[in-house]
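>>> Build me a model:
(one chain, ligands or ions: 1)
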Amino acid sequence: MKKLTVHVNSGYDILIEKGLLDKSGELIKTVLKGKKICLISDTNVNTLYGDKVKALLVAEGYDVYTYIFKAGEASKNTATVIDMVEFMAENGLTREDGVVALGGGVCGDMAGFAAAIYLRGIQFVQIPTTLLSQVDSSVGGKTAVDLPQGKNLCGAFHQPSLVIIDSNVLDTLPAHFFSDGMGEVIKYGCIKSRVLFDKLAEEDIRESIDDVIYDCLDIKRQVVENDEKEHGERALLNFGHTCGHAIEKLWNFETVSHGEAVGIGMVMISRVGESMGITESGTAEKIISVLEKYNLKTEDTHSVAEIVSAMRADKKRTGKGIKFVMLNKIGDSFIKPIDNSDIAKVFGV
Ligand code: GLY
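Residues are numbered from 1 along each chain as shown. Take a look at the predicted model:
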């Protein structure tokens, strides 16, 4: 079994092994010391793995209360999270009890937020079931729901007590979900590791997916340990996300997935960096070729002007400019603030 420890607050482990879901009961028993567990999952994942995980937890002596929500981003709102915490209260969960999030990013974000606010915070364990959530959202303690005004606007930093990653569950994912996660995997190579980027370009990483997940999370671990609340370095994890988020918004968070949008965003910002003489020439082409290898898009049908306009209208943005993440070269990233008055010009619109 591969293991990483994230040294934030009292620290927590990330465990990676094929088939680990079968050991989830005993592993959770090492960190959740209460009697009751609220197991949170969506309608799709619950059908696949809900009964199994519940049985394993019951075998460890827990009383398990399963909360299932309708799969999809549309559920990720304050109403669902309030329903979750009311469900916990109805079933008498105390401060010693815990939450287990079994699902993808929507599930982990929402269950983590419910755990953060119920009784002012109880423990939770992440069992991510998509590549995207395995390499990114299950680690680092960002929890949130969407508001009508924008995505992830209502949330809290609340670190999990344990993250259990079983890459066998990726076998039941439709292929486009694997590509979606690869958008974030490629991002890690771009921002911090030329070695990882080259591996993605040259090898069949399906064969060594646990090593790739480990490499990504080792990068994320270091970044989060240095800057848990994103006052500085953690923003590097948002490479490609500023343009990507604008693209997702233009598509109403449908049609183009998060990983796809991030991929297009990485290409856009690398082209900007190259035209500014900051990013090593040829970087955008290298990123395009790896994105294509994993069936990801490299451009959007919206014009650059439309994307820039959506980016500037983002309600999360304040102040006089946008902090972009740029590359000096593959594996070497930095944060570059650009004034509002210069944004259209650097994007060539
Ligand atoms: N997904 C970016 C972060 O966790 O900071």
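>>> Next up, the contacts around the residue in the stretch 151-300 of the chain positioned nearest to the ligand.
Residue of the stretch 151-300 of the chain nearest the ligand, by CB to the nearest ligand atom: Leu237 (3.9 Å). From N, CA and C alone the C-beta is placed, and that goes for glycine too. By CB atoms under 8 Å, 6 or more residues apart in numbering, the contact set of Leu237 is Asp136, Lys187, Ile191, Lys220, Val223.
>>> hmm, 10 Å instead?
Each residue near Leu237 by CB atoms under 10 Å, 6 or more residues apart in numbering is listed here: 136, 140, 142, 184, 187-188, 191-192, 219-220, 223-224, 227, 230, 325, 333.
>>> Put the alpha carbons of stretch 22-38 into CSV.
Presented in CSV, the C-alpha positions along stretch 22-38 are these (Å, rounded to 0.1, in the frame of the first residue of the first chain):
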residue,chain,number,x,y,z
ASP,A,22,-12.6,-3.9,0.8
LYS,A,23,-10.6,-2.7,3.8
SER,A,24,-12.4,0.6,4.2
GLY,A,25,-14.2,-0.6,7.4
GLU,A,26,-11.1,-1.5,9.3
LEU,A,27,-9.2,1.6,8.0
ILE,A,28,-12.0,3.9,9.1
LYS,A,29,-12.1,2.3,12.5
THR,A,30,-8.5,3.5,13.1
VAL,A,31,-9.6,7.2,12.8
LEU,A,32,-13.3,7.4,13.7
LYS,A,33,-13.8,6.6,17.3
GLY,A,34,-17.5,7.3,17.7
LYS,A,35,-20.4,4.8,17.4
LYS,A,36,-22.3,6.4,14.4
ILE,A,37,-21.4,7.2,10.9
CYS,A,38,-23.3,9.2,8.3
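>>> Give me the buried positions along that stretch.
Within stretch 22-38, the residues that qualify as buried are Ser24, Gly25, Leu27, Ile28, Leu32, Lys36, Ile37, Cys38, counting by 16 or more other CB atoms under 10 Å.
>>> Among these, which lie within helices?
Mapping those onto helices (DSSP state H) picks out Ser24, Gly25, Leu27, Ile28.
>>> mind listing the helices for the stretch 51-200 of the chain?
With DSSP state H, counting those that start in this stretch, the ranges of helices along the stretch 51-200 of the chain come out as 51-59, 78-90, 105-117, 131-132, 175-192, 194-202.
>>> CSV please, covering those and showing mean pLDDT.
Formatted as CSV, these follow (pLDDT from 0 to 100):
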stretch, mean pLDDT
helix 51-59, 98
helix 78-90, 98
helix 105-117, 98
helix 131-132, 97
helix 175-192, 96
helix 194-202, 97
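>>> wait, doesn't Phe113 sit right on Ser137?
No: between Phe113 and Ser137 there is no contact under CB atoms under 10 Å: 11.9 Å.
>>> what's the overlap in contacts for the two?
Thr143, Ala144.
>>> Going by neighbour count, which residues in the helix or strand where Val290 lies are buried?
Secondary structure from DSSP states H and E places Val290 in helix 283-293. Neighbour-count burial for helix 283-293 flags Thr283, Ala284, Lys286, Ile287, Ile288, Val290, Leu291 (criterion: 16+ other CB under 10 Å).
>>> Show me which residues of this protein are close to the ligand?
Residues of the chain lying close to the ligand by CB under 6 Å from any ligand atom are Asp136, Gly140, Lys142, Arg234, Leu237.
>>> Surely the fourth one forms part of a strand?
No: inclusion of Arg234 in a strand is not indicated when DSSP: H, G, I helix; E, B strand; the rest coil is applied; the result is helix.
>>> Next up, the contacts around the nearest residue to it once chain neighbours are set aside.
Setting aside the residues directly before and after it, Arg234 is nearest to Asp227 in space (CB to CB, 6 or more residues apart in numbering), at 4.3 Å. Counting by CB under 10 Å, 6+ apart, Asp227 makes contact with Glu233, Arg234, Ala235, Leu236, Leu237.
>>> The first one: what's it in contact with?
So the one you mean is Glu233. Applying CB under 10 Å, 6+ apart, we find Glu233 in contact with Gln222, Val223, Val224, Glu225, Asn226, Asp227, Ser333, Phe334, Ile335.
>>> so the first one makes contact with Val8?
No: look at Gln222 against Val8 with CB under 10 Å: they stay out of range, at 11.3 Å.
>>> if you count what's nearby, which of those two comes out ahead?
The neighbour count for Gln222 versus Val8, taken as other CB atoms under 10 Å, is higher for Val8 (18 against 15).
>>> Gly140 versus the more buried one, what's the distance?
Applying CB to CB, to the nearest Å, the value for Val8 to Gly140 is 8 Å.
>>> what do those two both touch?
Each of Phe157, Gln159, Arg221, Val224, Glu225, Glu228 lies in contact with both Val8 and Gly140 under the rule CB under 10 Å, 6+ apart.
>>> tell me the mean pLDDT for the helix holding Val290?
When pLDDT is averaged along helix 283-293, the result is 98.
>>> for that helix, the distance to its chain's centre please.
Mean-position distance between helix 283-293 and its chain equals 21 Å (CA atoms, centre = their mean, to the nearest Å).
>>> all strands of the stretch 201-349 of the chain, in order?
321-329, 332-339 (DSSP state E, counting those that start in this stretch).
>>> Rebuild the contacts of Asp227 as CSV, extending it with pLDDT and distance to Lys76.
As requested, the contacts of Asp227 are exported to CSV (pLDDT from 0 to 100; distance: CB to CB, whole Å):
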residue, pLDDT, distance to Lys76
Glu233, 96, 27
Arg234, 97, 21
Ala235, 96, 22
Leu236, 98, 25
Leu237, 98, 20
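>>> Lovely, talk soon.
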